[in-house]
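Engineer: next one to model:
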Amino acid sequence: MQAIWRGAVIADSDRTLEVGGYRYFPRDSVKMELLRASPHTANDLKCPHGVQFYDVVDADKRSDRAAWSYEAPRESMKPVDHWIGFWEDVEIK
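Structural biologist: A predicted model of the protein is given here:
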């Protein structure tokens, strides 16, 4: 599977997982240099899984909060601990 942002492959893996309707990629399959940690909001801090959102950026292009990772997941999200999920501007194929 691939995560594609504005025509560029930003993640590529044959061992993705689908949890809760979202596809997650192992961190080592993601071009992490294109992700920048977003500041936490009050709602982020309420997440029981320790969510960290990321902006996807490259030169002059940016998609705010288009990726996330659970940094301290509870049992239901343990299979994707520190994996990266994508949404909005990122197409999953």
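Engineer: do you know the pLDDT at residue 88?
Structural biologist: Listed pLDDT for residue 88 reads 84.
Engineer: actually, residue 91.
Structural biologist: Confidence score, pLDDT, at residue 91: 96.
Engineer: and residue 62, by the same measure?
Structural biologist: Looking at residue 62, the pLDDT reads 87.
Engineer: beta partners of it?
Structural biologist: For residue 62, the beta-bridge partners under DSSP bridges are residue 57.
Engineer: correct me if wrong: it contacts residue 55.
Structural biologist: Yes. Here residue 62 reaches residue 55: they are 5.9 Å apart, a contact under C-beta atoms under 8 Å. All C-beta spots, glycine's among them, are computed from the backbone N, C-alpha and C.
Engineer: more crowded one of the two?
Structural biologist: Set side by side, residue 62 and residue 55 show more neighbours around residue 55, with 16 against 12, by other C-beta atoms under 10 Å.
Engineer: in a helix, the more buried one, correct?
Structural biologist: No. Residue 55 is assigned strand when assessed by DSSP: H, G, I helix; E, B strand; the rest coil, not a helix.
Engineer: can you give me the helices in this protein?
Structural biologist: Secondary structure of the chain (DSSP state H): helices located at 42-46.
Engineer: can you pull out the strands in it?
Structural biologist: 2-5, 8-12, 17-19, 22-25, 35-37, 51-58, 61-70, 84-86, 90-92 (DSSP state E).
Engineer: buried residues, the third one. List them.
Structural biologist: So that's strand 17-19. residue 19 (16 or more other C-beta atoms under 10 Å).
Engineer: other SSEs contacting it?
Structural biologist: Packing contacts for strand 17-19, counted by 3 or more C-beta pairs under 8 Å, 6 or more residues apart in numbering; DSSP states H and E, involve strand 22-25.
Engineer: what is the neighbour count of residue 65?
Structural biologist: 15.
Engineer: quick one: contacts for it?
Structural biologist: Contacts for residue 65 (C-beta atoms under 8 Å, 6 or more residues apart in numbering) come out as 38, 53, 54, 55, 88.
Engineer: same thing with residue 79?
Structural biologist: Residue 79 neighbours (C-beta under 8 Å, 6+ apart): 17, 19.
Engineer: adjust the sequence numbering to begin at 51 for everything that follows.
Structural biologist: Sure thing, new numbering starts at 51, so read that last one as residue 129.
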